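# could you look at this predicted model? Sequence included:
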Amino acid sequence: MIADEEDSIVQLYFTDRSALRRSAIIDGTVFSLSAEEIAAAEEEGLVDGIPFILGAGGSYDHRLNAFFRACPTMGVRSLNSLRAYGRDISVWMRFLIERRHGKAIWGADRNDIVAFHRARRLSEPPFRISAGSWNRCVAVLEKFYGWAVLEGHVAVSPLGSADTSRVVQGKLWRSTRSSARERAARAHNMLYLDLDRYLAFRDVGLRGRLPDGTEDPSWRGRNGDRNALFAELLVTTGMRVTEAGSILVVELPGQHEGMPRSIQFDLPGSITKGNRPRRIRLPRRVLALIHGYVEFDRRVAAAKSIPAPDPMWTLSMNRRSATGVDGHHVALDRLTPIERRSLLDRASDSPEHALLWLTETGRPMPVATWEIAFTRASERCRRFGIDIAVTPHMLRHTFAVNMLSMLIRTQIGAVFQPSDRHGAAYRHILGDPLRTLQHLLGHASITSTYIYLDSLAEAQELVEAAAERWSDAVTGSAA
C-alpha cells in the first residue's frame, strides 16, 4: 500500500497489489506473505490505485472503504478523481474527529456541515479554500452520503437538499442538489499560457537556462531535458498527465523518410479519462525528440534499474500483449496506468520497465513527481521575475486554447473559398472547430469544450470579422 497523510490520526492509503509479493524487513527480520495469504487478498477484489482509509490505531472501517470500491460503478473511474475523493473524505473525517468531539462520519449532521463550511470558507486567508474547491468537496460528500443512504448506513444525508427547476427546450426540468453548495463559485477556473510564457517556463524553469537563453553555471538539475520534453508532449497534444505518463516504449510510432508533419497516435481507452479511446496528432518534431530520449537518457536510466524478480506483468514476445503472473495474456491496450507501471520488458539482456518515462534510477515516473518538477520549475522562474505557476494540466488548457484559435482561423478561411459563395461553412464556423477540439481532448460532452471560447480573447473579433467579410462577399455578388 502507498501511504498519504501518515502523520494524521486518519491515514489515507492507495492500494498497490504488487506489494503483496514484496518482502519487508522489520527489526532485522524479513517478512513476506505466503501463497495462501496472497490468494486470499486477491479474492477480496483489490484494485490498484483504489484509496482506503485507516482510523485510529490502524482500524479499518469496512463500510467506509466499500464506498471507494463502489466508486467505479458510480462513474468515478479516473485514478486522479479517486485520489481526490480519498483526500476530501479524509479531511472531512479529521475535521469531525478534531473539531467535532470525535464524531464518526456516520453520525454527522447539518450542524457539522455548517461548522465545516465556517472552518474551510470563513477562516483566515492562509487556511481558506475557494468557493470552487468547497463545491468540489461538497460534490464528493454528496456522492458518499447518497451511497450511504442507499446502502442503509445512514438515514439521511447531513448535507440537506434544495430543489431547482429550469426550462430546457420548452420543458420544465426539476432536480435536487445539496443546499451546501455556493452559487457564487465560478463554474470553471481555466488557466493557460501564451507562447512567450510557456517558452520561459520550459527553458528557464525546466531546462535551467537564464532568461537571456544562455546557460546558467549554477544550474544543478539533471533531468531538465527529459522534463522539458514531457512538457512539449503535453502542450503539443493536449494529453492529460496520466495519459502521457502511461505510454509504453513499444507503442511509440516509428520514424521514416517522408513522414508528415504530424502522426496519428491512438490512445487506448484503458489510460484515458472515462475509458474513451481517442486519436491524437503527434508532431514529427516531438516524436523525433522522444526517440532521442529513448536512445540516450532513458537507456542510461534503465541500466540503473533493479526490477522486481517476479513482476505482475511481463511484455510478451509478440510485443503486443502482456503476460500475467498466472500465465494468461492480455492485450497492451487493456492495461491500466497502474498495471503499466508494473510491466517489465525482458527482451534485452538487462530487464527494464516498459514505460516510456523513467526516473534517474530507472523506475516508472509517478504522476506526483511530474507535479513536483513543474512546481520547482515555476519557483525557479519566479526567482528571475517571471511570475508563473504552471501545472501539467495547464499545458492541456494551453494546447486547447491555441488549437481552437487555429481551427477557427482555418474555418473562417474556408468560408471565403469560391466554392462556398452561399456561406455553408460559415454556419459551422464554431461548431466544427469545437467538435474537432472535443475529439482531440477526449471530452465526453461538447459543453466541456465551451470553456475555451471564454478564454479565447480573439474569438469574438474573429467571428465579427468573418461576419463582416461574409456580408461584403454576399453584397458584392448581388451587385
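Cool, got the structure. Residues are numbered from 1 along each chain as shown.

# count of neighbours near residue 114?
Residues near residue 114, counting by other C-beta atoms under 10 Å, number 13. Where you see a C-beta, it was placed from the backbone N, CA and C, and this is true even at glycine.

# give me the pLDDT for it.
Here, the pLDDT recorded for residue 114 equals 94.

# same check on residue 1?
43.

# and what of residue 381?
Looking at residue 381, its pLDDT is 97.

# repeat that for residue 339.
In the predicted model, residue 339 carries a pLDDT score of 90.

# for the helix or strand it falls within, which helices and strands make contact with it?
Using DSSP states H and E, residue 339 maps to helix 337-341. Using 3 or more C-beta pairs under 8 Å, 6 or more residues apart in numbering; DSSP states H and E, no helix or strand is in contact with helix 337-341.

# CA atoms only: put that helix into CSV for me.
Coordinates of each C-alpha in helix 337-341 appear next as CSV, following Å, rounded to 0.1, in the frame of the first residue of the first chain:
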residue,chain,number,x,y,z
PRO,A,337,-1.9,3.1,-15.9
ILE,A,338,-1.2,1.2,-12.6
GLU,A,339,-0.7,-2.1,-14.4
ARG,A,340,1.6,-0.5,-16.9
ARG,A,341,3.8,0.7,-14.1
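
# which parts of the helix or strand following that helix are buried?
Of the helices and strands lying after helix 337-341 in sequence (DSSP H and E), the nearest is strand 343-345. The neighbour-count check on strand 343-345 (16 or more other C-beta atoms under 10 Å) flags 343, 344, 345 as buried.

# same thing with stretch 297-317?
297, 298, 301, 302, 305, 307, 311, 312, 313, 314, 315.

# neighbours around the closest residue to residue 329 other than its chain neighbours, how many?
Nearest-residue entry for residue 329: residue 321, 4.7 Å, with adjacent residues in sequence omitted and distances by C-beta to C-beta, 6 or more residues apart in numbering. Neighbourhood size, residue 321 [other C-beta under 10 Å]: 17.

# just to revisit the earlier point, contact partners of the helix holding residue 339?
The contact list for helix 337-341 (C-beta atoms under 8 Å, 6 or more residues apart in numbering) reads 48-49, 79, 242, 245-246, 248, 270-271, 312-313, 322, 353-355, 364.

# ok, residue 96 - contacts?
102, 103, 104, 105, 108, 112.

# inside helices: which ones of the residues you listed?
residue 112 (DSSP state H).

# in PyMOL, how would I select the buried members of the contacts of residue 96?
To isolate the buried ones among these in PyMOL, judged by 16+ other C-beta under 10 Å, type:
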select buried, resi 105+108+112
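
# out of the contacts of residue 96, which is nearest to residue 225?
residue 105 (46.7 Å; C-beta to C-beta).

# now that closest one: closest residue in space, sequence neighbours ignored.
Leaving aside its sequence neighbours, residue 105 sits nearest to residue 93 (C-beta to C-beta, 6+ apart; 5.4 Å).

# again, but for residue 243
residue 271 (5.4 Å).

# quick one: which of the contacts of residue 96 is nearest to residue 213?
residue 105 (54.2 Å).

# which residues of the stretch 51-200 of the chain score low on pLDDT?
161-178, 184-189 (pLDDT under 70).

# just the strands in it please.
With DSSP state E, counting those that start in this stretch applied, the stretch 51-200 of the chain shows strands at 51-54, 162-168, 171-177, listed in chain order.

# tell me which two in the buried residues of stretch 297-317 are the farthest apart.
By the measure C-beta to C-beta, 297 and 312 form the most distant pair in these, at 26.0 Å.

# what number of residues lie near the residue lying closest to residue 446 once chain neighbours are set aside?
Nearest residue to residue 446 in three dimensions, chain neighbours excluded: residue 438, at 5.0 Å (C-beta to C-beta, 6+ apart). Residue 438 has 19 neighbours, counted by other C-beta under 10 Å.

# which other helices and strands does the helix or strand hosting residue 438 contact?
Secondary structure from DSSP H and E places residue 438 in helix 431-441. Judged by 3+ C-beta pairs under 8 Å, 6+ apart, helix 431-441 is in contact with strand 278-283, helix 392-415.

# now do that helix against strand 278-283, angle only.
90 degrees (axes from the mean of the first three to the mean of the last three C-alpha atoms, to 10 degrees).

# buried set for helix 431-441?
Buried residues in helix 431-441, counted by 16+ other C-beta under 10 Å: 432, 433, 434, 436, 437, 438, 440, 441.

# contacting residues around the residue nearest to residue 140 when sequence neighbours are not counted?
What sits nearest to residue 140 in space, not counting adjacent residues and going by C-beta to C-beta, 6+ apart, is residue 88, at 4.3 Å. By C-beta under 8 Å, 6+ apart, residue 88 lies in contact with 136, 137, 140, 141.

# can you tell me the closest non-neighbouring residue to the second one?
Taking C-beta to C-beta, 6+ apart, and ignoring the residues beside it in sequence, residue 137 has residue 88 as its nearest neighbour in space, at 4.8 Å.

# end-to-end on stretch 63-79?
21 Å (C-alpha to C-alpha, to the nearest Å).

# so which bits of it are buried?
Within stretch 63-79, the residues scored as buried using 16+ other C-beta under 10 Å are 64, 65, 67, 68, 69, 71, 78, 79.

# beta-bridge partners for residue 60, please?
On the basis of DSSP bridges, residue 60 is bridged to residue 54.

# and residue 215, by the same measure?
Beta-bridge pairing for residue 215 (DSSP bridges): residue 209.
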